[in-house]
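[1] can you look at this prediction? I've put the sequence above it.
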Amino acid sequence: MSFSFFVARRYWLSSTKFNTVQLINRFASFVMGVGVCAFFVIQSVFSGLHDFGLSYSSSLDPDLKIRAVNSASFVLADSMVIELQKIKGVVGSAPVFSQEVVLRFEQQNKLVSLLGIDARFDQLFAVSDQIPVGRIISDTGEEILLGYGTAIELGAGLYDYDGFVECLLPKQGLINPLDPNPFVSQWATNVGLFQISEEVDYSYAFAPIRFVRNLTGVSANTYTEININLAKEEKVNGVIEGIRAKLGPSFEVIEKEALNPALYRMLQTEQIAIYLILSLVLIIALFNVVGAVIMMVLDKREQLQTLHRMGSPLHEIRNVFFYQGMVLSGFGGVIGLAVGIVLVVAQSVGEFILVPGTQLPYPVGFSLKNLLVLVVIWVGLSVLAAWISSAVVRQRLLR
């Protein structure tokens, strides 16, 4: 143990000539603890809100999406789709054929994106878990699955065999002006209502992939995209290279963040702003530490003069109060961090705080990244504050 740290520890543990100085020290540690605790708790809350929001806004976004570079659709053999599933790190794949169509029910029309899917899509995105009424479509039936918003706008119910949902698509090629019906149409029975998010509920509908292909008149094994999910902690770049090696340059592989870049940029900007604001809170808390150390310097002035006359150099005496500042911020910060971790873990396990007006537990996310960022900012600012406060000790003060 160095001489400077030994003296700083003695100053922290021993009483001072004025009780007010000791009270200021304790208060500075307390404020630092409150700041660190608030930093970690608010970080965790925003992480929970971030994950909660993404779970709805990007509920149908896979980790990777494969599309053709120069066309809206492509033909891919089933054997190649199976080969993609075998790539290391891939835990699931689901080919999709989508087409924008007009849904008509009685006198109501609505434009939606009709996703042609099979059982693999439900395995990947668990759509069946988001169907409070009805069931998921089968691969062989003439069925359609509507969102709550679409069903309300169309006025369509479940299993209404007296009023099928009609899917309309303009005929391709030259239009005959004498043709009384310029649309290709197919009828389907609504078998369920899904409720994922407002955007998805009003903009998408699901049907068997065979049904959508028949509507558009394309051949078998035609897809518009292939969705792929990866194992946790899997390196994305390695999987992308494996996919490109199998499919070649005529296909592009899009990562999840690139599917909705505006949303992810907004979330990143929000996270940086939160870090800056919370760092400002810590800076304000550290003003108390600087003030407490300066008060300690004035209180111990006579002892410092004695130490200097006995041979202690100026930098060693400054180190005493540098360590004093680190002890003040460190002691309070460690306690505050421990309290913050307990609160976050308790909320994530016990869910005792609910979102006002709902029965949903307030989302929190315990993240090692947040913890590491907090420690780096806290330690860095503490070192800066301790150095500033120790610089008060000057040669003329020791005379």
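    Received it, and whenever you're ready, just let me know what you need. Numbering: from 1, shown residues only.
[2] quick one: mean pLDDT over stretch 263-271.
    Averaged over stretch 263-271, pLDDT sits at 80.
[3] pLDDT score for the nearest residue to residue 216 once chain neighbours are set aside?
    Using Cβ to Cβ, 6 or more residues apart in numbering and skipping residues adjacent in sequence, the residue nearest residue 216 is residue 99, 5.4 Å away. Yep, even glycine has a C-beta here, placed from its N, CA and C like the rest. Note on residue 99: pLDDT of 91.
[4] gap between the helix or strand where residue 99 lies and the chain center?
    Assigned by DSSP states H and E, residue 99 belongs to strand 90-105. Centre-to-centre, strand 90-105 and its host chain are 26 Å apart (Cα atoms, centre = their mean, to the nearest Å).
[5] follow-up on the earlier one: count of neighbours near the residue nearest to residue 216?
    20 (other Cβ atoms under 10 Å).
[6] which stretches of the stretch 101-250 of the chain form strands?
    108-117, 133-134, 143-147, 165-170, 183-194, 204-208, 222-223, 225-230 (DSSP state E, counting those that start in this stretch).
[7] please list the outside residues in contact with the last one.
    In this structure, residues lying in contact with strand 225-230 by Cβ atoms under 8 Å, 6 or more residues apart in numbering are 62-67, 76, 81, 84, 89-96, 98, 121, 124-125, 236, 239, 243.
[8] what do you get for stretch 332-350?
    Outside stretch 332-350, the residues that touch it by Cβ under 8 Å, 6+ apart are 28-41, 44, 48, 352-353, 361-362, 364-366, 374, 378, 382.
[9] list buried residues within the residues you listed.
    28-41, 44, 48, 362, 364-366, 374, 378, 382 (16 or more other Cβ atoms under 10 Å).
[10] okay, now the unreliable bits of the stretch 251-399 of the chain?
    Residue ranges of the stretch 251-399 of the chain with pLDDT under 70: 300-301, 303-309, 311-315, 317, 355, 357-359, 394-399.
[11] where along it do the strands fall?
    251-255.
[12] tell me where it has helices.
    Ranges of helices in the stretch 251-399 of the chain, per DSSP state H, counting those that start in this stretch, are 256-259, 261-299, 301-309, 314-350, 368-390.
[13] break the protein into its domains for me.
    The chain breaks down by automatic domain parsing into domains covering 3-57+263-398, 64-259.
[14] which ones are touching residue 351?
    Neighbours of residue 351 in contact, by Cβ under 8 Å, 6+ apart: 361, 362.
[15] mind doing that once more with 10 Å?
    By Cβ atoms under 10 Å, 6 or more residues apart in numbering, the contact list for residue 351 reads 360, 361, 362, 363, 364.
[16] how about the first one: what's its closest non-neighbour residue?
    Counting by Cβ to Cβ, 6+ apart, residue 360 lies nearest to residue 354, which is 6.4 Å off, once chain neighbours are set aside.
[17] Provide a list of residues in contact with the one you found.
    Contact analysis of residue 354 by Cβ under 10 Å, 6+ apart lists 360, 361, 362.
[18] how much space between it and residue 40?
    Per Cβ to Cβ, to the nearest Å, residue 354 is found 21 Å from residue 40.
[19] for the nearest residue to residue 47 once chain neighbours are set aside, give me its contacts.
    In this structure, residue 47 finds its nearest non-sequential neighbour in residue 365, 3.5 Å apart by Cβ to Cβ, 6+ apart. By Cβ under 10 Å, 6+ apart, the residues touching residue 365 are 43, 44, 45, 46, 47, 48, 49, 50, 51, 52, 344, 348.
[20] surely the second one and residue 367 touch.
    Yes - with contacts defined as Cβ atoms under 10 Å, residue 44 counts as touching residue 367 at a distance of 7.1 Å.
[21] pretty sure residue 87 is in a strand, no?
    No - judged by DSSP: H, G, I helix; E, B strand; the rest coil, residue 87 forms no part of a strand; its state is coil.
[22] from residue 213, how far off is it?
    The value you get for residue 87 to residue 213, if Cβ to Cβ is used, is 26 Å.
[23] just the pLDDT at residue 81, thanks.
    Value listed for residue 81 in the pLDDT field: 85.
[24] now for it: which residues touch it?
    66, 93, 94, 95, 120, 221, 223, 226.
[25] can you select the buried ones from those residues in ChimeraX?
    Buried residues within the contacts of residue 81, by 16+ other Cβ under 10 Å, are selected in ChimeraX with:
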select :66,93,94,95,120,221,223,226
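[26] relative to residue 253, which of the contacts of residue 81 is nearest.
    residue 66 (5.7 Å; Cβ to Cβ).
[27] what bridges to the residue nearest to that closest one when sequence neighbours are not counted?
    Spatial nearest neighbour of residue 66, chain neighbours left out: residue 226 (4.2 Å); criterion: Cβ to Cβ, 6+ apart. On the basis of DSSP bridges, residue 226 is bridged to residue 66, residue 95.
[28] just residue 166 next, same as before
    Going by DSSP bridges, residue 166 forms beta bridges with residue 104, residue 187.
[29] out of the helices of the stretch 251-399 of the chain, deepest packed?
    The highest average neighbour count among the helices of the stretch 251-399 of the chain, using mean count of other Cβ atoms under 10 Å, belongs to helix 314-350 at a mean of 20.
[30] and that one with helix 261-299, angle?
    140 degrees (axes from the mean of the first three to the mean of the last three Cα atoms, to 10 degrees).
[31] helix 314-350 vs helix 368-390, what angle?
    Put simply, helix 314-350 runs at 150 degrees to helix 368-390, going by the same axes, to 10 degrees.
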